[in-house]
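Asks: Pasting the sequence and the predicted model now:
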Amino acid sequence: MEIRYKSVSGTRDVLPEEQPYWRFIEKKIAEITALFGYQRVDPPIFEETPLFIRGVGETTDIVEKEMYSFLDKGKTPLTLRPEFTAGVMRLYLQNGLHMLSKPVKLYSIGPVFRFERPQAGRFRQHTQFNVEALGEQDPAIDLEVMSVAWQLYAELGFSDLAFQLNSTGCPQCRPLYIERLKAYYREHLHEICEDCKRRLERNALRLLDCKVAGCQPVIAAAPVISEHLCPECDNHFSALTSYLRGLGKPYIINHKLVRGLDYYTKTVFEVWAKGIGAQNAMCGGGRYDGLIEQLGGDPTPGIGFGSGIERIILSMKEQGLTPEPLPAPRILVAHAGSAAKTAAIEVVFRLRSHGIGALMAFGERSLKSQMREANRLNAGVVIIIAEHEVEAQTLTVKNLTDGSQEEIPAADLILHFKTLGLH
RNA sequence: GUGGGUGUAGCUCAGUUGGAUAGAGCACCAGGUUGUGGCCCUGGUGGCCGCGGGUUCAAGUCCCGUCACUCACCCCA
């Protein structure tokens, strides 16, 4: 066999063996969002390119070099969404959701696309669970949004979780802090790596999460943003942390936690996990109070997060967390002889029409082979039909768990299995 | 864009300092007496050894190139 076509770099196939993870996570998401009162929206996978340029930020890496952008046949510049937030904000404004009473609480789930070099826990197409709460500045909603993520991971079986938490300030206080940070770094220019020299001019906040060993002492002594917040941001942050303490949710204030996207203000947070390679964030998000106005709406606060499903699954596997199994038919119908095969087909369809899952043994193979198949498929019961059963108008029902078998009238088929509770 | 690692059966991998028809386990198929699974036994299907070039009497093995995958940096979920 010659493999002529293969999947595109950075994309992956989700095979049957991994499906239980996906169905389990989707089920938990549906339950938890319902519990918290979040409503699902599904924006399209592609939007006009300028939406993302404005929404994500012109100078971010995502916009500068990671977007899947193209012209359609009408020459309209389009882009496969690199994240959810911009599209959800567009959806919110265009459909008049901003006229609803606040907060408007929304979630989405689906693929996003970024042209990056793939590595462990990072793909060019990955799936995000995305939550947004719009129109509310109360720090209690920061807590609520974070708790959606928290509860999801907890119900999937994760333990010992802690939020990484920080505030990135607002347009009032952040620029002052950035100036302080830059001034500090200029005094230490000779001690930092080349990348940091570049960051100093392009994206100063990123200086704080450089991983080069030589830069660590400089980072450790750098000015800390939490000491440079304006009174409003400071109050917001301390209220949030007091709520977290009140609930007994562990959190770690991480002065080095910054977001790569321009729109974040005040609260930023991540949840870290093991088993996803050098990537540690299973979830990342924060507050973006200026974004909606920037996209043409009225000034509206907002907060949200994105969580990568593939990373959740990687981490579940790493930690040995198993999903619920998917339902599968427990009955296989085996047969020997052409009259028996016709009867077998009828039995399979009769079972299914009564909501009882059943599998047909295809082809004309030995009973032994069909029994092996039943075992492989994890069937609990095999119905055997051969010449004798056809003549006697009966069915042989074998229980694979204990090996017992009995012969029942063919007419009693449905009654028999309803009584067994196998449907 | 930069660096490291790896390319042998559907999957996980052996393959000794270059040497004969390229192997194992798993998976798949068949058989192990009349119409019956799991365990076990036997047999079978399945590989341009990533691709191209070079060195050599001889290349899966050595050299060069190339592509792919992978991990890490950058950045991010």
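Replies: Structure's in. What do you need? Remember, predicted model here, so these are calculated numbers, not experimental data. Numbers count the residues shown, from 1 in each chain, chains lettered A, B, ... in the order given.
Asks: From residue A:217, how far out is the most centrally placed residue in chain A?
Replies: By Cα atoms, centre = their mean, chain A has its centre lying nearest to residue A:309, at 2.8 Å. Counting by Cβ to Cβ, to the nearest Å, the separation of residue A:309 from residue A:217 is 38 Å. C-betas here are computed from N, CA, C, even on glycine.
Asks: Likewise for residue A:316?
Replies: 37 Å.
Asks: Mind checking which of these two has more residues around it?
Replies: Each of residue A:316 and residue A:217 has its neighbours counted (other Cβ atoms under 10 Å); residue A:316 has more, 22 against 12.
Asks: quick one: contacts for the more buried one?
Replies: A:21, A:156, A:157, A:158, A:322, A:323 (Cβ atoms under 8 Å, 6 or more residues apart in numbering).
Asks: ok so it is a strand residue?
Replies: No: counting by DSSP: H, G, I helix; E, B strand; the rest coil, residue A:316 is located in no strand; its state is helix.
Asks: Would you mind measuring from it to residue A:44?
Replies: Going from residue A:316 to residue A:44 by Cβ to Cβ gives 29 Å.
Asks: And for residue A:290?
Replies: Taking Cβ to Cβ, one finds residue A:290 at 25 Å from residue A:44.
Asks: When these two are compared, which one has more neighbours?
Replies: residue A:290 (18 against 12).
Asks: Correct me if wrong: that one contacts residue A:171.
Replies: Yes: contact criterion Cβ atoms under 8 Å: residue A:290 and residue A:171 qualify, at 6.7 Å.
Asks: and for the two, which residues touch both?
Replies: With Cβ under 8 Å, 6+ apart, residue A:290 and residue A:171 have common neighbours residue A:265.
Asks: Give me the buried stretch members for the helix or strand where residue A:348 lies, please.
Replies: Assigned by DSSP states H and E, residue A:348 belongs to helix A:338-353. Neighbour-count burial for helix A:338-353 flags A:340, A:341, A:343, A:344, A:347, A:348, A:351 (criterion: 16 or more other Cβ atoms under 10 Å).
Asks: Please apply the same query to stretch A:294-310.
Replies: Within stretch A:294-310, the residues scored as buried using 16+ other Cβ under 10 Å are A:295, A:300, A:301, A:302, A:303, A:304, A:305, A:306, A:307, A:308, A:309, A:310.
Asks: Equivalent analysis for stretch A:54-62, please.
Replies: Neighbour-count burial for stretch A:54-62, counted by 16+ other Cβ under 10 Å, picks out A:54, A:55, A:56, A:57, A:60, A:61, A:62.
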